[in-house]
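# when you get a sec, could you give me coordinates for this:
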Amino acid sequence: MVLLEARNVGKSFRAGDGAHPVLAGVNLEVREGEIVALLGRSGGGKSTLLRILAGLVPPNEGEVRFKGRRVEGPVEGMAMVFQSFALFPWLTVLENVALGLEARGLPKAERERKAREAIALVGLEGFEGALPKELSGGMRQRVGFARALVVEPEILFMDEPFSALDPLTAEGLREDLLDLWEAGRLGTKAILLVTHNMEEAVALADRALVLQGSPARIAAEVRVPLRHPRDPRDPRFLALTDRLYAELTHREEVERRVEEVAYRLPEAPVGAMLALVETLGRLGGRADLPVLAEEEGLGVDELLPLLEALELLGFARVAEGDVELTPSGLALAEADLPRQREIFAEHLLRHVPLVAELHQEVLARRVREEEVLERLEARLPQEEARRVWRRLLEWGRFAGLLAYDERARLLYPPAEVEGA
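A predicted model of the protein is given here:
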């Protein structure tokens, strides 16, 4: 039975004088008895889509239906576990968990009974009178689970619920959640999980949906036909993890249009890019993405922007879950720092028109930061425009193409610094 359905869902946010589309043509179903993972790049619309499905944010286009009825706001039968613990610090564990029942008009005694049952279910019996500050991160997230489960939702939404926890705590909480699900003790009929962790998706989900594009849509569905518990060392588990990395790094030609390259820069610090290139150089210039992520200790939300930047600059090629350095990437890996700066500058000017245009402009006159931001904000949401500005400035300064007066907020030619 289909519990939840999205039909042609689209969402845009205001940016400059126009609208910035985040989601377009999203179609998906969540069926009774399944766990579905939703994957995508950082900032790619995963959390926005989750909130639309939960009735917390309205779509601009299309519709969401829960059990056949259109969702036009928060609906009974749904609950959310957030990435941040989102607890009221002045309320006890019992009061935090019972809060959701108060709005339903339940008598106090019944609220407390149900809250205590939910607290015991997630393994926090005995901590009912504790304040959030007295709990560890894992215990606070267990309170978040209890607060969601106490309202007996038919579908449970989870927005990266383990990402704020250390790996050992996260693993324990995942296993406990899965045990409760397998035993039928959660009381919920389906789970939709947003995650950036490929291994987590394969460990928990029956299906993984991959959001891709700008604006984003469901570009791939990967089924996980493995019985629980799943062994991360199982070749089938590893193959599915590789498949998800491959899907996430797949970029269609439409995403390489000039406007995308000209006005969007990946969130990739120069130091992290160089470290990744040097690691790839030590590995012979080519690596499997899961292996590389483990080697560098990077999560997918950190790794993918670095790979995107290396591709954009012509230093690497990513395909089918593998990354390979180009000849220029190999040269960058083997060069000393002064030569790395030179190579980086050459590739910035060749592959990033925004940097090349700004460099030429700065050679002719000093350019105010405000001018650049206005230009970016005409095409991007303000927050993203400011991220692009910071990355533009960092890349340009490292390459020796731009100099910046922080007090006056002016860009000027690096030659002026050298001649000072």
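
# what about L131, neighbour count?
Residues near L131, counting by other C-beta atoms under 10 Å, number 16. Using the backbone N, CA and C atoms, a C-beta is placed for each residue, glycine as well.

# that one contacts F88, doesn't it?
No - between L131 and F88 there is no contact, the gap being 9.6 Å when judged by C-beta atoms under 8 Å.

# confirm that E200 sits in a strand.
No - residue assignment for E200, taken from DSSP: H, G, I helix; E, B strand; the rest coil, gives helix, which places it outside any strand.

# report the contact partners of it.
Applying C-beta atoms under 8 Å, 6 or more residues apart in numbering, we find E200 in contact with 37, 162, 174, 193.

# and if we set it to 7 Å?
Residues counted as contacts of E200 (C-beta atoms under 7 Å, 6 or more residues apart in numbering) are 162, 174.

# so how far is Q141 from it?
When C-beta to C-beta, to the nearest Å is the yardstick, E200 and Q141 sit 14 Å from each other.

# then A201?
Using C-beta to C-beta, one obtains 18 Å as the distance from A201 to Q141.

# and what of V318?
Distance, V318 to Q141, by C-beta to C-beta: 33 Å.

# name the residue in the two with the higher neighbour count.
Q141 (26 against 20).

# the helix or strand where W395 lies packs against which elements?
Taking DSSP states H and E as the criterion, W395 maps to helix 382-398. Contact here means 3 or more C-beta pairs under 7 Å, 6 or more residues apart in numbering; DSSP states H and E; on that basis helix 382-398 packs against helix 270-282, helix 337-351, helix 353-364, helix 369-377, strand 403-405.

# and it, how far out from the chain middle?
With C-alpha atoms, centre = their mean, to the nearest Å as the basis, helix 382-398 stands 20 Å off its chain's centre.

# for that helix, which positions count as buried?
Applying a neighbour-count criterion of 16 or more other C-beta atoms under 10 Å, the buried positions in helix 382-398 are 384-385, 387-389, 391-396, 398.

# so for those residues, which is the shakiest by pLDDT?
When it comes to pLDDT, E384 is the least confident member of the buried residues of helix 382-398, at 81.

# for my notes, confirm S12 occurs in a strand.
Yes - under three-state DSSP, S12 falls within a strand.

# wait, doesn't it sit right on H20?
Yes - in terms of C-beta atoms under 7 Å, S12 counts as a neighbour of H20; the distance is 6.1 Å.

# domain parsing for this protein?
For the chain, the domain assignment from automatic domain parsing gives the residue ranges 2-249, 259-417.
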